[in-house]
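Colleague: turn this into a model:
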Amino acid sequence: MDFSFFAVIALFLLLDDTGFGVMALSACALHELAHMLVMAAFGIFADEITFYGAGIRITSARMEFAKPTVKALILSAGCAANFVTAALSYHFGNYSAAVAGLFTGAFNLLPIGELDGAGLLKILLIRFCKPENIDRILNFTGRAFSLICLAVIVFFGRGVSFTLITTALYFIIVSSRKI
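Modeller: Numbers count the residues shown, from 1 in each chain. Okay, here's the model as predicted:
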């Protein structure tokens, strides 16, 4: 557990005057649990789980040797769990939980930094691109999507959200690093 994790959670909950934060944290916990359940189903167990300011990172040396389809299933599991719970929450009239699940799943599908979408894109690129182009494509895609997210937040949002703008800027920086 990194101090930055607790700092971000505390700041997030302090700035949240709607009570939505707890639902969002629950959606994130469900997301990571789904990854771990699918990993376990394939006999892959976490070597380390790191809680840090930008989220939760699950690492496993065995994941590197998994088949691409297994990796894709593991990466997709969190988002799928979010979308299923969003649909169920909506069906049962809990619209705030539905939004939290939908946003968490969609956000994690972005091809940025360490998000699941970037991992899924990397699996595709390994299959269809020359190895020397993969990092450059991932970096470009990550920066492009970060800038698009920032533009959407600034131009179409209901006021300026410090949290979302900070997140978008963080992803621009993270996308510049090698994956």
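
Colleague: what pLDDT is listed against the residue nearest in space to the middle of the chain?
Modeller: When the chain is reduced to its mean C-alpha position, the nearest residue by Cα atoms, centre = their mean turns out to be residue 108, at 3.0 Å. As predicted, residue 108 sits at a pLDDT of 91.

Colleague: walk me through the domains of the chain.
Modeller: Split into domains by automatic domain parsing, the chain comes to 1-108, 110-179.

Colleague: how about the strands in this structure?
Modeller: Secondary structure of the chain, counting by DSSP state E: strands at 48-52, 55-59.

Colleague: list the contacts of the first one.
Modeller: Yep, that's strand 48-52 we're talking about. Residues from elsewhere that reach strand 48-52, judged by Cβ atoms under 8 Å, 6 or more residues apart in numbering: 1-2, 4-5, 56-59. In short, each C-beta sits where N, CA and C put it, glycine included.

Colleague: swap in stretch 22-29?
Modeller: By Cβ under 8 Å, 6+ apart, the surrounding residues in contact with stretch 22-29 are 9, 13, 55-56, 82, 85, 96-97, 100-101, 103-105.

Colleague: buried subset of these?
Modeller: Buried members of the contacts of stretch 22-29, scored by 16 or more other Cβ atoms under 10 Å, are 55, 82, 85, 97, 100-101, 103-105.

Colleague: dump these into JSON lines; add distance to residue 42 as well.
Modeller: Compiled in JSON lines, the buried ones among the contacts of stretch 22-29 are given as follows (distance: Cβ to Cβ, whole Å):
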{"residue": "55", "distance to residue 42": "22"}
{"residue": "82", "distance to residue 42": "20"}
{"residue": "85", "distance to residue 42": "22"}
{"residue": "97", "distance to residue 42": "29"}
{"residue": "100", "distance to residue 42": "28"}
{"residue": "101", "distance to residue 42": "24"}
{"residue": "103", "distance to residue 42": "28"}
{"residue": "104", "distance to residue 42": "23"}
{"residue": "105", "distance to residue 42": "21"}
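
Colleague: could you list the low-pLDDT ranges of this structure?
Modeller: 54, 157-179 (pLDDT under 70).

Colleague: quick check: most distant residue from the centroid of it.
Modeller: When distances to the mean C-alpha position of the chain are computed (Cα atoms, centre = their mean), the maximum falls on residue 130, with 26.1 Å.

Colleague: for that one, grab phi and psi.
Modeller: Comment: the main-chain dihedrals of residue 130 come out as phi -70, psi 140, following degrees, to the nearest 10.

Colleague: state the distance from it to residue 138.
Modeller: Using Cβ to Cβ, to the nearest Å, we find residue 130 at a distance of 13 Å from residue 138.
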